[in-house]
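[1] Prediction below, plus the sequence it came from.
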Amino acid sequence: MSEDQPAREAVHDDAATTPAAQAPADATPADDAPEAEGTGFVQVNRRRAPRYRAFVVTGLVLAFVVAAVVAVLTPPSDGYSQQALFGYLFVSLGVVGSLLGGLAAVLVERRSGRRSASRR
């Protein structure tokens, strides 16, 4: 804060602390008050579905790691450099990894779909 700007003072709302704002002693607690129509609890089934994007991205990350390791460990050949080998491997393994990640998400969803949690 600079010296040119005045300091902001906290503004207190005294209305909330006045006796008129406080509940009278003979008031009933909120638990004993009758419920308004339509405000009761409703039983719902909560379905926990997996996030497909996380599974697909995990498959891509694993494909990246495998492609990098194979490209580094493989000596360059006459036809391809290590960078080209990495690119080819990453594209091909990326497709396979993302498909396997999506398949894993579908299997997890099917398994969790049978056990939906009942909540109030």
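    Sure, I can see it.
[2] Select the longest helix from the protein.
    Counting residues, the longest helix found in the chain (DSSP state H) is helix 82-113.
[3] other SSEs contacting that helix?
    If contacts are counted by 3 or more C-beta pairs under 8 Å, 6 or more residues apart in numbering; DSSP states H and E, helix 82-113 sits against helix 52-73. No exception for glycine: its C-beta is placed from N, CA and C like everyone else's.
[4] I figured A49 was touching E109, is that so?
    Yes. In terms of C-beta atoms under 8 Å, A49 counts as a neighbour of E109; the distance is 5.4 Å.
[5] which of those two has more neighbours?
    The neighbour comparison of A49 against E109 (other C-beta atoms under 10 Å) goes to E109, with 15 against 10.
[6] what about that one, distance to L99?
    E109 sits 16 Å away from L99, taking C-beta to C-beta, to the nearest Å as the criterion.
[7] Also A84?
    23 Å.
[8] Low-confidence stretches in this protein?
    For the chain, residues meeting the criterion pLDDT under 70 lie at 1-36, 38, 47, 113-120.
[9] Could you check the angle the longest helix of the chain makes with helix 52-73?
    Following axes from the mean of the first three to the mean of the last three C-alpha atoms, to 10 degrees, one obtains 150 degrees for the angle between helix 82-113 and helix 52-73.
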